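J.: Based on what follows, work out the 3D shape:
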Amino acid sequence: MRSIGINTWVWQSPLTDATVEARLEHVAALGFDAVELPLENLGDLTADVVGPALERTGLAPSVVGAMAPGRDLVGADDEAVAITQEYLRGCVDLAAGIGADAVCGPFYAATGRTWRLSPDERRDAYRQWREHLAPVVEHAASRGVRIGIEPLNRYETSLVNTVDQALEGLDGLLGASLGLALDTYHLNIEERSSAGAIRAAGEHLVHIQVCGSDRGAPGGDQTDWDALIGALDEVGHTGPLVIESFTAENASIATAASIWRPLAPTQDDLARDGLAFLRELTRTGESR
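T.: Modelled structure (predicted):
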């Protein structure tokens, strides 16, 4: 049976050393197997605090980064690129320090930054991206961590919206330390077939985030979940299904993700309902 995880953004932002132990205990008590830890700013979370909390709760970790304004690897000055690279190396170091094998996120431009690109401009942007991401990938390789690049929907970026664009932009750099992280919410908006996008990612798929087509709990929505799980089976991806959603109570994250209304009666309801659906989905899949 596939393991099921959840991102702590469902409840709060930012997650810090001061709050992580109680949050992980809550996630474990709800019955999850894994947890996705956002490192919004360097120093928010440290391995010395997070590691023991993970050991006590038994949760398997992954790390996600947040591309806040000013974090850019494309169309930015040297200082901005260097600051972004330093931040991404810090995400990798946290992952290595807590035993997480993946760091994922839209590691190319600040979330919400959009601009028009001609074909030539896009090719040049992708060249810049590869050049500026390469040292971070090298660092990840040295720490035994794999980076997963996440395409976002058209309202959050104009650079990488689809799996095909990610594969094009990262051509020559993909490998043991760099792949793709896919989110069913963005797939639902940008791809003609979510299952087809997973198949296109293939061996490069590092991580999968799941939620309902409305950004709420998975299940009871428009997503073809059987097809999606079938595609994950086809490409041999056995990692956890990780629920990523957000609370409308947090100004910065809710605004970035356009969460303008509650997506469940409570955030715990969102977590419980999503977990119950995914447990049943994976059990059903095993019987097919």
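J.: alpha carbons only for contacts and neighbour counts from here, please
T.: Noted.
J.: residues contacting the closest residue to Val160 other than its chain neighbours?
T.: Leaving aside its chain neighbours, Val160 sits nearest to Pro151 (5.1 Å; criterion: Cα to Cα, 6 or more residues apart in numbering). Pro151 makes contact with 106, 160-163, 166, 181-183, 186 under the criterion Cα atoms under 8 Å, 6 or more residues apart in numbering.
J.: host element of Pro151?
T.: Per DSSP states H and E: Pro151 is located in neither a helix nor a strand.
J.: What are the boundaries of the helices in this structure?
T.: 17-30, 47-57, 78-98, 119-143, 163-169, 184-190, 194-201, 225-235, 251-256, 267-287 (DSSP state H).
J.: okay, now Glu79: neighbour count?
T.: Close neighbours of Glu79, defined as other Cα atoms under 10 Å, add up to 11.
J.: correction: Gln222
T.: 11.
J.: just checking, it touches Ser213?
T.: Yes: with contact defined as Cα atoms under 8 Å, Gln222 counts as touching Ser213 (6.1 Å).
J.: Quick check: Gly90 vs Gly99, distance?
T.: Gly90 sits 14 Å away from Gly99, going by Cα to Cα, to the nearest Å.
J.: actually Glu25, sorry about that
T.: Distance, Glu25 to Gly99, by Cα to Cα: 18 Å.
J.: Can you list the low-confidence ranges for this protein?
T.: Confidence mapping of the chain against pLDDT under 70 gives the ranges 251, 285-288.
J.: 80 instead, please
T.: 248-257, 259-260, 284-288 (pLDDT under 80).
J.: burial of the closest residue to Ala166 other than its chain neighbours, as a residue count?
T.: Leaving aside its chain neighbours, Ala166 sits nearest to Val160 (5.9 Å; criterion: Cα to Cα, 6+ apart). Neighbours of Val160 under the rule other Cα under 10 Å: 25.
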